[in-house]
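*Asks:* next one to model:
(2 chains)
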Amino acid sequence: MYTVLIGSYARGTSRDKSDLDIVRINHLDGLDRNFIPSESTVLSYIDYTYSAFLDLYDSGSLFLYHIFNEGKLLAGDDDSWAVLKSQFKVKSSFEKEIDEYIAILHFLNSDTLFCKLIFPYLSNMFKVIKNISIFSLAGKGLYVFEKRESISMAFPFILNEQVDALILAHDIFDRGLELHEAFSNRFHELAEYFGDSWNKFTALP
Amino acid sequence: MTMISDVLISQFRDAIQNPIEYTSGVGRKTLQAAFDMFLGQISESLFDGQSFSRFDLRMRLNSMELTGYDEKNMKIIGHLKDALKNIDQLYDKSYDDHVPDIKKFIENHLVPLLEMLSC
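*Replies:* So this is what the prediction gives:
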């Protein structure tokens, strides 16, 4: 049984509304209160059965590489975790994963009306672009898991404020973050931009 | 009320005919994206505007006045509420086997929704 902190809290880059991302391997116990920064912190659990974890381990999963390298073990046996970490070999080719996300990118833009559905469209575009970024950088041996950094590195033509707005749209749609009316027009323009230029994201960096 | 894109209808039809292909990997992710787009279109049709999140749409559906809709649209709204109540079956983040949950979501929610949308 292991509990591992990952994401922005593990990296020390958390913001006001960041989720506390916790990986639980082979158990579903709640997190010790001492590890929770405040009462308003949203906990986001990612759960693996031990057999699912081992399958990913054997396949050289990039996500496990992320857990081993950026994660902080909160509970579980340190020694056995260290052995797992030292013997893990991440795979080097991520073409299958990238092709899958490009297929979803095509789907999201297969109807010109989809980009008018601003929040579901931007939220899903964010997930696709983030994952294409992470996998294509990893294919070059660059392991960047912070979402802003990976998107900006993989697709430098996107402006920082566009990346921020894309992430915010995803947080509003997927995590129920409050929408401030002042930003509404920005999201509309952003959805139009991606609706017009989505093809650029199929050309890998 | 229900103006749903042909792309979504044919995606859902395929998921109903080949559910196993949609229980993992790219199939599951595409079904999730398709359902999000579907919720967006439903929201536009029902409220003449966007819902900002799945939760927002669920709240709006729960608090809407159910008058002025014909039987077909009332049924669609009912199926949609049920689907949103069980949305974790489709979007569950765990790395467990998703086959039973996705199959349940397709059978219990997508099938009746598509039936109503197609008639």
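
*Asks:* could you use CA atoms for every contact and neighbour count after this?
*Replies:* OK.

*Asks:* contact residues of chain A facing chain B?
*Replies:* A:45-49, A:52, A:100-101, A:103-104, A:107-108, A:110-111, A:114, A:117-121, A:124, A:172-176, A:179 (Cα under 8 Å from any Cα of the partner chain).

*Asks:* would you map the helices across the chain?
*Replies:* In the absence of a named chain, chain A is used. Using DSSP state H, the helices of chain A run over A:7-11, A:50-59, A:62-70, A:78-87, A:95-108, A:118-138, A:147-154, A:160-175, A:184-197.

*Asks:* not quite, I wanted chain B
*Replies:* Going by DSSP H, chain B shows helices at B:6-17, B:25-47, B:54-63, B:71-85, B:88-91, B:99-105, B:111-118.

*Asks:* and the residue in chain B positioned nearest to chain A, how close does it get to B:Lys72?
*Replies:* Per Cα to the nearest Cα, B:Ser53 is where chain B lies closest to chain A, at 4.0 Å. To B:Lys72, B:Ser53 is 25 Å away according to Cα to Cα, to the nearest Å.

*Asks:* which of the two has more neighbours?
*Replies:* Comparing B:Ser53 with B:Lys72 by other Cα atoms under 10 Å in any protein chain shown, the one with more neighbours is B:Ser53, at 26 against 14.

*Asks:* spatially nearest residue to the more buried one (excluding sequence neighbours)?
*Replies:* A:Phe173 (4.0 Å; Cα to Cα, 6 or more residues apart in numbering or on different chains).

*Asks:* surely that neighbour touches B:Gln50?
*Replies:* No: using Cα atoms under 8 Å, A:Phe173 is not in contact with B:Gln50, being 10.9 Å away.

*Asks:* identify the contacts common to those two.
*Replies:* Taking Cα atoms under 8 Å, 6 or more residues apart in numbering or on different chains as the criterion, A:Phe173 and B:Gln50 both touch A:Phe119.

*Asks:* which of the helices of chain A sits most buried?
*Replies:* Burial of those is given as mean neighbour count (mean count of other Cα atoms under 10 Å in any protein chain shown); helix A:118-138 ranks first at a mean of 24.

*Asks:* how far away from the center of its chain is it?
*Replies:* Mean C-alpha position of helix A:118-138 versus that of the full chain (Cα atoms, centre = their mean, to the nearest Å) differs by 8 Å.

*Asks:* if we can go back for a sec, and the helices of chain A as CSV, adding distance to B:Ser45 and mean pLDDT?
*Replies:* Formatted as CSV, the helices of chain A follow (distance: least, Cα to Cα, whole Å; pLDDT from 0 to 100):
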stretch, distance to B:Ser45, mean pLDDT
helix A:7-11, 37, 92
helix A:50-59, 41, 94
helix A:62-70, 39, 96
helix A:78-87, 51, 96
helix A:95-108, 20, 96
helix A:118-138, 14, 96
helix A:147-154, 33, 95
helix A:160-175, 18, 92
helix A:184-197, 18, 90
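
*Asks:* which among the ones you listed is found nearest to B:Glu21?
*Replies:* Among the helices of chain A, the nearest to B:Glu21 by Cα to Cα is helix A:95-108 (13.4 Å).

*Asks:* neighbouring contacts of the closest one?
*Replies:* Helix A:95-108 is contacted from outside by A:114, A:121, A:124-125, A:128, A:131-132, A:135-136, A:198, A:202, B:25-26, B:29-30, B:33-34, using Cα under 8 Å, 6+ apart.

*Asks:* related to what we said a few turns ago, which of the helices of chain B is buried the deepest?
*Replies:* Mean neighbours per residue, mean count of other Cα under 10 Å, is largest over the helices of chain B for helix B:25-47, with a mean of 21.

*Asks:* that one relative to helix A:160-175, how many degrees between them?
*Replies:* 80 degrees (axes from the mean of the first three to the mean of the last three Cα atoms, to 10 degrees).

*Asks:* now do B:Ile102 against A:Lys127, distance only.
*Replies:* Separation of B:Ile102 from A:Lys127 (Cα to Cα): 20 Å.
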